[in-house]
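Chemist: build the 3D model from these lines:
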Amino acid sequence: MSTDWRVSGTYFEACNCKGACPCLFGHVPTEGHCDALVAWHIDRGHLGDQALDGLNLAMALHAPGNMIDGDWRVMVYVDEAASEAQHQALVKIFGGQAGGHPAMLAGFVGEILGIERAPMDYQAEDRRQSLTIGELASASLTALEGQDGGEVHVSGHPVAISPGHDLVLACNERVTHRGHGLEWAFSDRTAAYAAFAYQAD
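Modeler: Predicted coordinates:
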């Protein structure tokens, strides 16, 4: 496949940190480690002539300490709606083999526990985001209300999954994951979402 690629859409994360997540600023998680479900919904995307519009990719991850120290353990979920060619394209892009910002993120991963196809239901309405990954995982979150009823944004944070885009801070209502040694269920912890746009170097 060609290395010409681009994906853009919405990124969100929900983790076990309390309050404003210190991981965004390169500090140790509030619980000493980070358990998180992160996901990307692609509005528009392609790798070569392979369209990726409307597909999702998610990761359940465990960071044993400061996230910038790496050694993340990661389980990858690829949208079951993807064809085999689309599946391979998503794994290549988000696994870092196609370069761009995902390649930098992949450098923090110490172990990939598996890559699994799964049905995904992503929903976004007003200030709410949610994702269900079959019977394996789920996350739902709502944006925090800031001044004058507006959103609360974080800009220019040094640890950025979606560089160039403000994060909208949120609170997760419930996050669950089971399997592959990553077992958790928590609520009322930190969350965020943002636009993202990645492309070939």
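Chemist: now residue 114: which helix or strand?
Modeler: Element membership for residue 114, per DSSP states H and E: strand 109-118.
Chemist: tell me the mean pLDDT over that strand?
Modeler: The average of the pLDDT scores along strand 109-118 is 97.
Chemist: show me the contact partners of that strand.
Modeler: Residues from elsewhere that reach strand 109-118 (C-beta atoms under 8 Å, 6 or more residues apart in numbering): 70-80, 82, 87, 91, 133-134, 136, 180-182. Every residue, glycine included, has its C-beta placed from N, CA and C.
Chemist: could you dump whichever helix or strand comes after that strand to PDB, C-alpha only?
Modeler: Following strand 109-118 in sequence order, the next helix or strand is strand 120-125 (DSSP H and E). Output of strand 120-125 as PDB, limited to C-alpha atoms (Å, rounded to 0.1, in the frame of the first residue of the first chain):
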ATOM      1  CA  MET A 120     -17.900  -0.700  17.900                       C
ATOM      2  CA  ASP A 121     -20.700   1.800  18.500                       C
ATOM      3  CA  TYR A 122     -19.400   5.400  18.700                       C
ATOM      4  CA  GLN A 123     -21.800   8.200  19.600                       C
ATOM      5  CA  ALA A 124     -21.300  11.900  19.900                       C
ATOM      6  CA  GLU A 125     -24.100  14.400  20.700                       C
END
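Chemist: could you point out the helix or strand that follows strand 120-125?
Modeler: strand 128-133.
Chemist: on that earlier part again, so what are the sheet partners of the strand holding residue 114 and their directions?
Modeler: strand 72-79 (parallel) (DSSP bridges).
Chemist: for the partner strand, buried residues please.
Modeler: 72, 73, 74, 75, 76, 77, 78, 79 (16 or more other C-beta atoms under 10 Å).
Chemist: what is the burial count for residue 53?
Modeler: 12 (other C-beta atoms under 10 Å).
Chemist: the longest helix in the protein is where?
Modeler: helix 84-94 (DSSP state H).
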